[in-house]
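# Could you look at this predicted model? Sequence included:
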Amino acid sequence: MKLRLHTQAQNSAGERVRIALNLKQLGYEYIPIPALDTPEYRDINPQGLMPSLEVDGAVLTQSLAIMAYLEETVPTPTILPIDPVSRAQANAFALAICAELHALTVKRVRKRLPQSETQAWYEHWTQDTFAALENTLQQSTAKSLFCLADYPTVADIALVPQMENARRFGCDLTAYPTLRAIDARCQALAPFAAARPERQADYKP
């Protein structure tokens, strides 16, 4: 299986896919995208978003769909909990970040707002989502090392890049000790560390 990942260093959706590929120990070619809105990239991904994963010439888009494909084709090691209820909860956790929080706070949304309002907008939706996720984990009777298992799942893969984004935007994360502890455990693992933006060839501080 030949894998080519089109993304940018500081794209959190692309980081999710890098983490998943690393956890599943899959080698891939990293292809930095100079600009999204070019005819060349639109030929690869007509939506003009990141990331895009080429699999033997076929193109997959949307990070959660890509991770679902990886799980189906390379089931071991898994990035989902074994228990069906925990599996659904992990997917819901990831969706809360990827489909809701991320979708509201990405650059293409922020640039539609008056510049004076973007920070408050970002902080509101980040705090709203993180508070709900923190409460979800604190109320869970099944405690685990990571979000919903004793190993990283899609929930953790979604969480870590979003925590990085929140720090970059200066969000106060004091109120989320569970999320911060899980993030720290993940960051200590090689698959997460290797996927960090500053470890990519196109990273610009």
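Perfect, thanks for sending it. Residues are numbered from 1 along each chain as shown.
# in the protein, which spans are helices?
12-23, 39-44, 63-73, 84-95, 102-105, 107-110, 118-139, 154-168, 177-187, 190-195 (DSSP state H).
# most packed of those helices?
helix 12-23 (a mean of 25; mean count of other Cβ atoms under 10 Å). The way it works is simple: take the backbone N, C-alpha and C, and place the C-beta from them, glycine included.
# helices and strands around that helix, which ones?
strand 3-7, helix 63-73, helix 154-168, helix 190-195 (3 or more Cβ pairs under 8 Å, 6 or more residues apart in numbering; DSSP states H and E).
# In a markdown table: those, plus mean pLDDT and distance to Glu15.
Below are these laid out as a markdown table (pLDDT from 0 to 100; distance: least, Cβ to Cβ, whole Å):
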| stretch | mean pLDDT | distance to Glu15 |
| --- | --- | --- |
| strand 3-7 | 97 | 8 |
| helix 63-73 | 98 | 9 |
| helix 154-168 | 97 | 4 |
| helix 190-195 | 98 | 5 |
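# I'd like the ones you listed laid out as CSV, including distance to Glu100.
As requested, the helices and strands packed on helix 12-23 are arranged in CSV below (distance: least, Cβ to Cβ, whole Å):
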stretch, distance to Glu100
strand 3-7, 21
helix 63-73, 12
helix 154-168, 11
helix 190-195, 22
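# and Arg180, which of these is closest to it?
Nearest to Arg180 among those is helix 154-168; the distance by Cβ to Cβ comes to 7.6 Å.
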